[in-house]
Every structure is written in structure tokens, then in C-alpha cells.
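Q: Could you work out the structure for the sequence below:
(2 chains)
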Amino acid sequence: MRNRSRRFAIPYVIWMALLVVAPIILMVIYAFTTAEGGFTLDNFASMGSYLDVFLRSFELAFLATVICLLVGYPVAYLMAKEGPRFQRLAMALIMLPMWMNFLLRTYAWMSILENNGLINQLLRALGILDLLGVEHLRLIRTQGAVVLGMVYNYLPFMILPIYSVIVKLDGSLLEAARDLGANSAGVFRKVIFPLSLPGILSGVTMVFVPSVSTFAISRLLGGGAQMMLGDLIEQQFLGGAYDPHLGAAISMVMMVIVVVCIAVMNHFGEGEEQAVML
Amino acid sequence: MSKELIRLSDCVVKFDDETILDHLDLYINDKEFLTLLGPSGCGKTTTLRIIGGFLSPTSGDVFFDGQRINDLPPHKRQVNTVFQKYALFPHLNVFENVAFGLRIAKVNGAEVTRRVTEMLEIVNLKGFEKRPISSLSGGQQQRVAIARALVNRPKVLLLDEPLGALDMRLRKDMQAELKRIQQEMGITFIYVTHDQEEALAMSDTVVVMDGGRIQQIGTPEDIYNEPRNAFVADFIGESNIIDGVMRADGVVEIFSRRFQCLDGGFAPDEPVDVVIRPEDVDIVAEAEGQLKGTVTQVTFKGVHYDTIVDFYGFKWLIQTTDYCPVDSRIGIKIDPDGIHVMKKSAYSGMFGDYSSYSEEYDEIGDATVEPEEEDSGDEE
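A: Below you'll find the predicted structure:
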């Protein structure tokens, strides 16, 4: 029985080895070698000049995650409290944009935020731009635009895990809390919120990790002015600054920082189910 | 001692077109152990939820200590509940579960520790303070739930089938323990159960409910010895319920034979339901019997034999320590105090015939069946 079920696991083990473990090993090897193949730590030493990119990446990703949480939690909470018909509808609306291509959605934001984009055209037509005495509002190529793109693209990943935790909460626990003297705020603070922590941890992980490593959003909405780690790494492999060894080293450092962040976070949610590690 | 504490006055609860509670009137005294007893769907849990504040009656009033509390939310009532599935907080340990209500009330730390420790001692869970809830057995979780409710010193403790999920032995232990705790704390317990043995063993007052109405209120002895209708007679213990005619005060006619009884106050020749408990029947030689019948089935039950006897086509259950083999002819004698006469009711003819003995007896006699969900809709 045991041997048989083990046999079923073989394809997955091969899959994991080929597509997860092997790339990580390759990345580590690249990070510690020179183009000639010798061992070196130079790749890491030269990383100091990119400190601003590191800081910006983590700062923007952090900001996007916080905004996603602040927006996503109330949405998830209200959704879970509504009737099943509303829940289905809300779920469909949240999922709908995800059926469109990620790049397409981000391009759409470009045409909304551009200097001659939808917003500026609208403001111009309303005469507000004249009122302010400017040619156009600078919306694109700002950190705000990058954060907006992250929030827009990754918000569903915050809402869904929180929603699925809250909707499964045992109603009798909430009754018990009320019975023991808690008003609505107390029930939320002492029961609903602590019990939805696993969902929050999953959501935070699922928003933070892709945000910190994105390059499409920062390229399209940041217009190169807001270079992030993703862009930096991409340049090392495909761009003019071709240096896969440096790229691997940056990737590795970023991965280590992310893993440490998640580990610390999970530690605070002690005992709760582990957040999904991507 | 027996001051009125809670009164439900003409309470009606309707969900859509379904009537759950049908003009219920009930008062509950201070320091009383009152049990709401009935089959699933009878409205007992609904009644409890009205008192707890989780449900407002569609019409009617609820009074607590003379104050109308229809619109008072649960957290402002001096009532605490032990929920059917305990509803313990999985993110808190035993101590913090019990301390929950005190923390909300902002009781200071030393006082919390003192009261929680004391309460855990009362429910025999000393030393379990740091344990997570998931590591406790059903019986232990039950005790935590009781401690969590009682630590707030409520005037009334509501218990919704609290022993339903426990096995037989543990259930018996907990029954005795609950009774002890109730007396020790000196507060009112309102207990919901479908288990008649549990109700009889623990209660000061039993309220038998069916179809959203109260069928009878009384002490366990009253309910058992003087059931008001066929439903109560059948639901509480075993009963043979036979059609009879009241010929005069103290004389009832069954199967065209007259029996002496202690009941009176009926119209002359009024048709009645006659209850004869299986243990009140004496088996005698056929020639000496007031009624004569044939044994059709015998089951050994330990203390006694369940003997099914056919009298003129109507089957009785008789519990006797004398073994009578199947197909033997026997006679029976019934003392006047073994006969209880009831007015005819809507339930007449529905209960008390043991022709379909095996199914009915199993269904009613076995307390471990029917773990019911009355508050439907919250399935996992």
C-alpha cells in the first residue's frame, strides 16, 4: 500500500527536482562563480551599488502589501458576511480581471495614467488642468503608479485567502464571544481577527513576494524611472548589462531576504497554519 | 428561594411560514434546575436562544427579573451559555478561554487568575491551564465550556445539550457533576436535552415540549407519574396507553373490564387514555388475572425481562423479574395506583401500543441516538 502510493509521488518528485530544486542550485552556483568558472564572492561585493534598488523594491512592495491588506481585509470580511448569492457575484467580479492577460491589464493602466491618458483627458475636458495651470498631471512614471499597479494586480491574492478563512469561521464561536460579554468590536478584535491571521499571512505572502520581484509593472508604469530588483535582474540576463553571475547573486540575496521576512512573519502567527510559501 | 427570575410571555417564533414556537408561556424561578425536554424540532433550543438573546421572538415578551429584555443583546444579559459543540476558542489555551469573559469585563489580572484557577478547580481541570484546546478530550472540553460560562458569575446558565457528544459513562458522571456545580454555585440552570433519563435525574422542574408547545410542566415525579397526555406518557419512560371509559370517579373500564383507579373528575362515561407503566403490572396465574393474554416476546434486560403480552389484539410491554416463556398464557393484576387516567388529546392513539415493539423501543429507549441539529444551517 505504502509503496504503491509512493510510486504515485514519483512524477511530482521529478517535477519538483527539475523545475524547483535544479534552478535554485544553478542560481547558487552562478552566484558564486565568475564567467571563467572560478569561485568568487565579487558578485556579492559589487552589489552595494544597487542598494537603492533593493530599498526601493522592498519599500514599494511593502507599501503595496499594506494597502492590499487595508483594502482587502474589509472586502473579504464584508463578502464573507453576505448571503451566498452576493458571495458568488463578488467572487466572480474579483476573479474576472484575472482571466485577462497580466500585461494587457498593466498596459490598460498605462493608457489610463499617461500624460495624454484617460484621466488627464478627463481633467482637461473638465477644465481642471487649466485651473491648476499645468499641461498634465504627472501620473505615470511615479512610485505611486507602480504601487497602484501592484495593488491592482495582486489584490485578489489578498482577498481570497482572508475570505476563505473568515467564511469558514464557526458561527457558534462568535455567539459564544457575544454571550461572554463582547460587543461587535470585541468579537472582531478577540475572535474574528486572531482566527483570520492564517489568511492574512497567506495573503501578505502572496502579495509581497510577486510585488518585490516584479519587473513588468515597474517597467510599464514606472517607465524605467523606478527601477526595481526585477528589472535589475532582468538586465543581467537579457539586457545590455549582461552578467548572469551578478543576476544570480542578486536573485539569491533577494530570495534569502524574502524567506527571512516570511519566516519572521510566520513566527508571529505562531501555531497557526503556515502561510502559503510561494 | 423560589422567586421568579425569567418569564416568557406568549412567545411566538416563526421562520417563513413555519411556526417554531406556538404561544409559549413559561416562567423560571431563581436557583432552579429547569430542563426543556422534547424531541428534535420541538422548539427547546429556540426557547433557549430567546433567553440567551440570540433570537428575538416574532411576537411576545421576555422578562428578566421583571425587566423586559426582548431587545437586550446577548453581551448585556446576565446569562451565559454552554453551547452544544462547546464553541471553545481554538486560538486560546484553557486558561484564556475561561478568562475570556473576565478580560472583556476588564477585571484586573490578579483577580482573573484567582477566579479562573478557582473555577478550573471546581470543574476538576486543575493543571490544564496552559493546554491548547485541541489537546483536550470531549469531556475536558465540556468542562472548559462550563468553567468559561460560570466564571462570569451569571444569574442563569443555559446549557444546550451539553452532554450530547459524550459517551454513556462520561455522560452519567457529568450529570452528577453538573447537579453538584449547580447546587454549589446556587444559580439557575436551564438545560436543554432530548434525553428523558437525563431530565429526570437532574431537574427540579421538567418542561416537556413538542411541536412548539409546552405539553407539561412539573417535577420529574409529576411528569412521570401523572403525565397529562399520551405524548408525555410515551416520551417519558415506557407506557402502555389504552383506550378506556371513565364509568365513575375511581372506576375505569378497559377492554370491557372495570378497574379501580385513583383518578376522578371526569364526565360520566367519558372516553379517556389510560396509562399503565410496564413496571406497575403484576403477572399472576391466568385464572387469577384481571386480564388474560399471551406472551409474544421476551427480552432479557439485566434487571428485568421486557415481556410483550398480547391482550385481545393490543400488545403491552410488561417489565417483570419473572420469566414467562413465549406463547404461555398469563394473567395480570394492576393496583389502583398503577393506573393513570388522562383526558383524550390530539396525541391519543398515536403512542403506547407495543405492536411494533422492537423499532419503537429501540428508538426511544436508547439515549445515544439522534444527536440532533436543531439550529440547522451551520454545517461545516
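Q: Could you use CA atoms for every contact and neighbour count after this?
A: Will do.
Q: could you pull out the helices for the stretch 151-278 of chain A?
A: In the stretch 151-278 of chain A, the helices defined using DSSP state H, counting those that start in this stretch lie at A:171-179, A:184-187, A:193-213, A:216-222, A:229-237, A:244-268.
Q: pLDDT of the last one, averaged?
A: Taken as a whole, helix A:244-268 carries a mean pLDDT of 88.
Q: Residue numbers of the stretch 101-250 of chain B in contact with chain A?
A: B:Gly101, B:Ile104, B:Ala105, B:Ala149, B:Asn152 (Cα under 8 Å from any Cα of the partner chain).
Q: Could you pull up the residues touching the last one?
A: Taking Cα atoms under 8 Å, 6 or more residues apart in numbering or on different chains as the contact definition, B:Asn152 lies against A:Leu180, B:Asn80, B:Gly101, B:Leu102.
Q: Tell me which two in the residues you listed are the farthest apart.
A: Greatest spatial distance among the contacts of B:Asn152 (Cα to Cα): B:Asn80 and B:Leu102, at 12.6 Å.
Q: Those two: which has the busier surroundings?
A: B:Asn80 (30 against 23; other Cα atoms under 10 Å in any protein chain shown).
Q: OK, now which residue of chain A is nearest to chain B?
A: A:Gly181 (3.8 Å; Cα to the nearest Cα).
Q: The nearest residue to that residue once chain neighbours are set aside: neighbour count?
A: Leaving aside its sequence neighbours, A:Gly181 sits nearest to B:His75 (Cα to Cα, 6 or more residues apart in numbering or on different chains; 3.8 Å). Counted by other Cα under 10 Å, the residues lying close to B:His75 total 22.
Q: I'd say B:His75 and A:Ala182 touch.
A: Yes. The criterion here is Cα atoms under 8 Å, and B:His75 meets it with A:Ala182 at 5.7 Å.
Q: Nearest the geometric middle of chain A, what residue?
A: A:Val207 (2.4 Å; Cα atoms, centre = their mean).
Q: residue contacts, that residue?
A: A:Val207 neighbours (Cα under 8 Å, 6+ apart): A:Ala64, A:Thr65, A:Cys68, A:Tyr154, A:Leu155, A:Phe157, A:Met158.
Q: Also B:Phe33?
A: Contact analysis of B:Phe33 by Cα under 8 Å, 6+ apart lists B:Gln182, B:Thr188, B:Phe189, B:Ile190, B:Tyr191, B:Met202, B:Ser203, B:Asp204, B:Thr205.
Q: Get me the contact residues on the stretch 101-250 of chain A for chain B.
A: A:168, A:170-173, A:175-183, A:186, A:191, A:194-195.
Q: Pull out the buried members of those residues.
A: Among these, those scoring as buried are A:172-173, A:175-183, A:191, A:194-195 (criterion: 16 or more other Cα atoms under 10 Å in any protein chain shown).
Q: Now chain B against chain A: closest residue?
A: Closest point on chain B to chain A, by Cα to the nearest Cα, is B:His75, at 3.8 Å.
Q: got a pLDDT number for that residue?
A: Looking at B:His75, its pLDDT is 92.
Q: can the contacts of B:Phe33 go into TSV with extra columns for secondary structure, neighbour count and pLDDT?
A: Listed next are the contacts of B:Phe33 as TSV, based on DSSP: H, G, I helix; E, B strand; the rest coil; neighbours: other Cα atoms under 10 Å in any protein chain shown; pLDDT from 0 to 100:
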residue	secondary structure	neighbour count	pLDDT
B:Gln182	helix	18	92
B:Thr188	strand	23	94
B:Phe189	strand	29	95
B:Ile190	strand	23	96
B:Tyr191	strand	27	96
B:Met202	helix	20	92
B:Ser203	coil	21	94
B:Asp204	coil	17	95
B:Thr205	strand	23	95
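Q: Name the pair among those with the greatest separation in space.
A: B:Gln182 and B:Thr205 (13.8 Å).
Q: which parts of the lowest-mean-pLDDT helix or strand in chain A are buried?
A: Lowest by mean pLDDT, DSSP states H and E among the helices and strands of chain A is helix A:2-16, with a mean of 84. Using 16+ other Cα under 10 Å as the test for burial, helix A:2-16 gives no buried residues.
Q: Restrict that helix to CA atoms and write it as CSV.
A: Taking Å, rounded to 0.1, in the frame of the first residue of the first chain, the C-alpha atoms of helix A:2-16 are listed here in CSV:
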residue,chain,number,x,y,z
ARG,A,2,2.7,2.4,1.1
ASN,A,3,5.0,1.5,-1.7
ARG,A,4,2.2,1.9,-4.3
SER,A,5,1.2,5.4,-3.0
ARG,A,6,4.9,6.3,-3.1
ARG,A,7,5.1,5.3,-6.7
PHE,A,8,2.4,7.9,-7.5
ALA,A,9,4.6,10.6,-6.0
ILE,A,10,7.4,9.9,-8.4
PRO,A,11,6.2,12.3,-11.2
TYR,A,12,5.9,15.1,-8.7
VAL,A,13,9.3,14.5,-7.2
ILE,A,14,10.8,14.6,-10.7
TRP,A,15,8.8,17.7,-11.5
MET,A,16,10.0,19.4,-8.3
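Q: Pull the number of nearby residues for B:Ile276.
A: Neighbour tally, B:Ile276, other Cα under 10 Å: 25.
Q: Apologies, that question was intended for B:Asp269.
A: Using other Cα under 10 Å, the number of residues around B:Asp269 comes to 13.
Q: Does it touch B:Ala248 like I think?
A: Yes. Between B:Asp269 and B:Ala248 there is a contact at 7.3 Å, judged by Cα under 8 Å.
Q: Helices along the stretch 1-150 of chain A, start to end?
A: Using DSSP H, counting those that start in this stretch, helices in the stretch 1-150 of chain A cover A:2-16, A:22-31, A:42-45, A:51-81, A:84-95, A:102-113, A:118-125, A:128-132, A:143-167.
Q: Okay, angle between the second one and helix A:244-268 too, please.
A: For the pair helix A:22-31 and helix A:244-268, the angle between their directions (axes from the mean of the first three to the mean of the last three Cα atoms, to 10 degrees) equals 120 degrees.
Q: Outline the domain layout of chain B.
A: Domain assignment for chain B, taken from automatic domain parsing, gives B:4-224, B:238-361.
Q: what about the first one, how long is it end to end?
A: Think domain B:4-224. 25 Å (Cα to Cα, to the nearest Å).
Q: show me the contacts for A:Pro156.
A: With Cα under 8 Å, 6+ apart, A:Pro156 has these contacts: A:Gly72, A:Ile94, A:Met95.
Q: Can I get the buried ones among the residues you listed as something I can paste into PyMOL?
A: Buried subset of the contacts of A:Pro156, written as a PyMOL selection, criterion 16+ other Cα under 10 Å:
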select buried, chain A and resi 72
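Q: Check chain B for me, the residue farthest from its geometric middle.
A: Outermost residue of chain B (Cα atoms, centre = their mean): B:Ala287, 40.7 Å.
Q: sec struct for the nearest residue to that residue once chain neighbours are set aside, please.
A: Spatial nearest neighbour of B:Ala287, excluding adjacent residues (Cα to Cα, 6+ apart): B:Gly331 at 6.8 Å. At B:Gly331, secondary structure determined by DSSP: H, G, I helix; E, B strand; the rest coil is strand.
Q: returning to that earlier point: with respect to B:Asp243, which of the contacts of B:Asn152 is nearest?
A: B:Asp243 has its nearest neighbour among the contacts of B:Asn152 in B:Asn80, at 45.3 Å by Cα to Cα.
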